[in-house]
Every structure is written in structure tokens, then in C-alpha cells.
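Student: Below are the sequence and a predicted model; questions follow.
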Amino acid sequence: MSDSAESPTETQKEEPQPPSDDSAANEEKKKIDVLLKAVGDTPIMKTKKWAVDRGRTVQSLAQFILRFLKIDANEQLFIYVNQSFAPSPDQEVGVLFDCFGSDGKLILHYCKSQAWG
Amino acid sequence: YEDEDNRKKRLLLPRVSYLTLVTDKVKKHFLKVMKQEDMEEMWFEYEGTPLKWHYPIGVLFDLHASNTVLPWSITVHFKNFPDRDLLRCPSHSVIEAHFMSSIKEADALKHKSQVVNDMQKKDHKQLWMGLQNDKFDQFWAMNRKLMEYPTEEGGFRYIPFRIYQTMSDRPFIQKLFRPVSPEGNTHTLGSLLKEMYPAAIPNEVCPDDFQKRYQVVIHGIEPLLETPLQWLSEHLSHPDNFLHICIVPTPTD
């Protein structure tokens, strides 16, 4: 799967959002809030909260985390939803947010080794 | 049976399984006409579209070839693996991991993961072995637990479903949808589609004008739109516990 060159944006930056054009109004936001939590002795991200494009894949997000943590891109990273299942690498984060998001965000746990099978 | 032409191999493939799980014979067959060192990871393609091994075979067929003449002619490749389109599948354990994750995701929707988490590791293994070895009873001894729900609820918490359509830019539609409305009305296949893909159901405004542009296909058949969604989820889900629904253009001949 190809890695998107665009990185998620940090939500902590206070940038005024331009009002959205009514004719292009979408019921769904184009970006969703993701909270990244480390499992076990996997390094913790200094920035945990990110605004991610809905169409971004789990695999692409995993590659971003590896780059951000300066871990070798060939290392494996396991991503989990609800601390219970590992979504398919080609799954879109927008779908995961719709189905498993809570309090306006999607919490994902990441780990260098298998955590919840 | 084998064709005399060694460039072809005929197989009967189970709808509910996965391409890379049931095609070891294919690789063996082509070893007769190719050198092992020339063969990289095997992958499958139909009319230019790489076939995703992690989708159930029946879904791939209904989506890409439902109204074509059998046998379904799939091209096998041993080079130029399309990493942009397909996931790698180096071993059966990758298929097992994917299958179990799908079951866990489905149970997260149906039961907040309570049923699948209460199962032991050997129960999970039994689900996989039942699929891998095509043992219906072995599979269902465990799967029936995933199909139960508290009587007072009237159904699962949410229905695990995916709606596929070849003309779409998205891989599939998957959202939260309850089997029963807050007022207590039973949701049907029709009510699901009305919410998720209204173009596939008769137009309420001009019902007489309606020309059925799309077929709504599950396991190769078109269930009545009045069918309760809870029933479909219990009886027509795939072994991964998802209801996979294909929307395909009605043939115009």
C-alpha cells in the first residue's frame, strides 16, 4: 500500500478555520480526531492528538507513527481499536471513527508487538 | 479436474472462504510449467482488477462477475505484485489473523465484544479451524454463541454489515445501524439501504417509474427488501460474522 505523503495535522495548533462553503457542505467532517495511545514499552508520542483525513488508511497511520517515533519503517506496528481488534491495514480511519469513536474521537492503541491477538 | 492445457486449472471455490486459503493447489499446478525461482507471491486478477484476497470469495464474485457465464476466469500472477492494491499474504496465519480480527470487530458491534472476549483461545481456534477445514458443525458449535442476544433487546446492539459497489470511490460503506428502531420497529434490508444507499431501492416518489437499476446481492441471491436485518445478520452473515452486501448494476440484456 502506498504511503500518503501528507501528514496528519496536530489539533493543538490554534488555527482559525475558514467557514465552510455551503455548496460543498458535507454532513461528515473531512478530518476526524484520533488519540494515539502506546501499549507496553512502545515509545509514547509527544503529540497524541491528531486530526486525520477520513480516507487515511490504518497502514498509512502506522507508517506515520513509526516515522514520528523515528523507528525503522520496516518494523511492524500493531494498531488496535477498543483494545480488542486489529483493523485491516487498508481500513479507512473515517469508517473506524463512525463505528467505534467516542466523545468525538477515535482512540487507537499502538504496539510494536502483538497485544490483544 | 485438470485441463489438458497446463496453463489452466479448474477449481470449485467456497463462497465463504478466502482466495489465498484455498489455492495452494493452484501454485502446485503452475510449478509444473514454471520454475520455483521465477515465482514470487501469487496474486489474482479479473479483467484488470486485482482481487483482494482478504474479501470473501463470494463477495469478489458477486461484485465483479455476478452476471457473467461460469466458470469465472481468473488470471493468476506470480510477478509484479500490486502493493498499491493488495495486501501481502505470506502465510495462512495472516489469513487467520485477519479472519479473527473481523470476528472480533463484528462482536464489538453486536455485543460490545463481551461474547468473543468470554471465549477461550481454543474456542477462537475452533472458529478458524472450522473455516479452514470446511467443518460446518465444528464452526457453528462456537459461532452460535456469537449469534445470541439478550431476549429483552430484540437483537444485536448494532448489525455488522458492509455494502460494496464497484462504481464507488470508497471500498465499502460501514456505519452504525441498529436492528430495531427506538420506537420498536424491526429494521429490514430495505430500511438499511434507505439510510445507506437509497439509489438501490424503489423510488418512493414515483414507484411506477422505477426501473430497477441495481441488484442487491447477498451470497449470490437477492433477498426481499422486507427481510428483517436481524434475521439476515444471524443467517446470511459470512463466517467472519459480517453481512456483506453487493450492489451491482442490473444487466441490461
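Tutor: Okay, I see it. Everything numeric here is computed off the predicted structure, so don't read it as measured data.

Student: so what's B:V26 up against?
Tutor: B:V26 is in contact with B:K9, B:L11, B:M42, B:V76, counting by CB atoms under 8 Å, 6 or more residues apart in numbering or on different chains. The way it works is simple: take the backbone N, C-alpha and C, and place the C-beta from them, glycine included.

Student: Can you pull the phi/psi pair for the first one?
Tutor: As for B:K9, its main-chain torsions (degrees, to the nearest 10) stand at phi -140, psi 120.

Student: out of everything not next to it in sequence, what's closest to it?
Tutor: Nearest residue to B:K9, sequence neighbours excluded (CB to CB, 6 or more residues apart in numbering or on different chains): B:H29, at 4.4 Å.

Student: Which residues are in contact with the residue of chain A found nearest chain B?
Tutor: Chain B sits closest to A:F85 of chain A, with a gap of 3.6 Å, by CB to the nearest CB. A:F85 is in contact with A:W116, B:S101, B:K104, B:E105, B:A108, B:S113, counting by CB under 8 Å, 6+ apart.

Student: if we can go back for a sec, the residue nearest to B:K9 belongs to a helix?
Tutor: Yes: counting by DSSP: H, G, I helix; E, B strand; the rest coil, B:H29 is part of a helix.

Student: residues near it, how many?
Tutor: For B:H29, the count of nearby residues is 20 (other CB atoms under 10 Å in any protein chain shown).

Student: measure it to B:S66 for me?
Tutor: Computed as CB to CB, to the nearest Å, the B:H29 to B:S66 distance reads 26 Å.

Student: just B:S17 next, same as before
Tutor: 18 Å.

Student: which helix is the longest one in the chain?
Tutor: I'll assume chain A. helix A:58-68 (DSSP state H).

Student: meant chain B, my bad for not saying
Tutor: Chain B, longest helix under DSSP H: helix B:92-111.

Student: on that earlier part again, compare B:S17 and B:S66 (neighbour count), which wins?
Tutor: A direct count of neighbours by other CB under 10 Å for B:S17 and B:S66 places B:S17 higher, at 20 against 16.

Student: Who are the contact partners of that one?
Tutor: Here B:S17 is in contact with B:P56, B:I57, B:L131, B:D134 (criterion: CB under 8 Å, 6+ apart).

Student: Let's see if you can find the most crowded of these.
Tutor: B:L131 (25 neighbours).

Student: what residue ranges in the chain are flagged as low confidence?
Tutor: In the absence of a named chain, chain A is used. A:1-29, A:117 (pLDDT under 70).

Student: Let me rephrase: I mean chain B.
Tutor: Looking at chain B by pLDDT under 70, you get B:1-5, B:203-211, B:253.

Student: near chain B, which residues of chain A show up?
Tutor: A:1-2, A:55, A:81-82, A:84-90, A:92, A:95, A:98-100, A:117 (CB under 8 Å from any CB of the partner chain).

Student: Report the buried members of those residues.
Tutor: A:1, A:55, A:81-82, A:84-90, A:92, A:95, A:98-100 (16 or more other CB atoms under 10 Å in any protein chain shown).

Student: thought B:T186 was touching B:Q230?
Tutor: Yes: shown here, B:T186 and B:Q230 form a contact pair, counting by CB atoms under 8 Å, at 7.1 Å.

Student: follow-up on the earlier one: name the residues of the longest helix of chain B that are buried.
Tutor: B:95-111.

Student: Export only the CA atoms of it, formatted as PDB.
Tutor: The C-alpha coordinates for helix B:92-111 follow below in PDB (Å, rounded to 0.1, in the frame of the first residue of the first chain):
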ATOM      1  CA  HIS B  92      -2.100 -18.900   6.300                       C
ATOM      2  CA  SER B  93      -1.500 -17.300   9.700                       C
ATOM      3  CA  VAL B  94      -2.000 -13.900   8.100                       C
ATOM      4  CA  ILE B  95      -5.400 -15.100   6.900                       C
ATOM      5  CA  GLU B  96      -6.200 -16.500  10.300                       C
ATOM      6  CA  ALA B  97      -5.300 -13.200  12.000                       C
ATOM      7  CA  HIS B  98      -7.500 -11.200   9.500                       C
ATOM      8  CA  PHE B  99     -10.400 -13.600  10.000                       C
ATOM      9  CA  MET B 100     -10.300 -13.500  13.700                       C
ATOM     10  CA  SER B 101     -10.000  -9.700  13.700                       C
ATOM     11  CA  SER B 102     -13.100  -9.500  11.500                       C
ATOM     12  CA  ILE B 103     -15.000 -11.700  14.000                       C
ATOM     13  CA  LYS B 104     -13.800  -9.500  16.900                       C
ATOM     14  CA  GLU B 105     -14.800  -6.300  15.100                       C
ATOM     15  CA  ALA B 106     -18.200  -7.800  14.400                       C
ATOM     16  CA  ASP B 107     -18.700  -8.700  18.000                       C
ATOM     17  CA  ALA B 108     -17.600  -5.300  19.100                       C
ATOM     18  CA  LEU B 109     -20.600  -4.100  17.200                       C
ATOM     19  CA  LYS B 110     -23.000  -6.800  18.200                       C
ATOM     20  CA  HIS B 111     -22.100  -7.300  21.900                       C
END
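
Student: quick one: it near chain A?
Tutor: Yes: applying CB under 8 Å from any CB, one finds helix B:92-111 touching chain A at B:A97, B:H98, B:M100, B:S101, B:S102, B:K104, B:E105, B:A108, B:L109.

Student: can you list those in CSV and add distance to A:A62?
Tutor: What follows is the residues of helix B:92-111 next to chain A, written out as CSV (distance: CB to CB, whole Å):
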residue, distance to A:A62
B:A97, 15
B:H98, 15
B:M100, 19
B:S101, 14
B:S102, 18
B:K104, 18
B:E105, 17
B:A108, 20
B:L109, 23
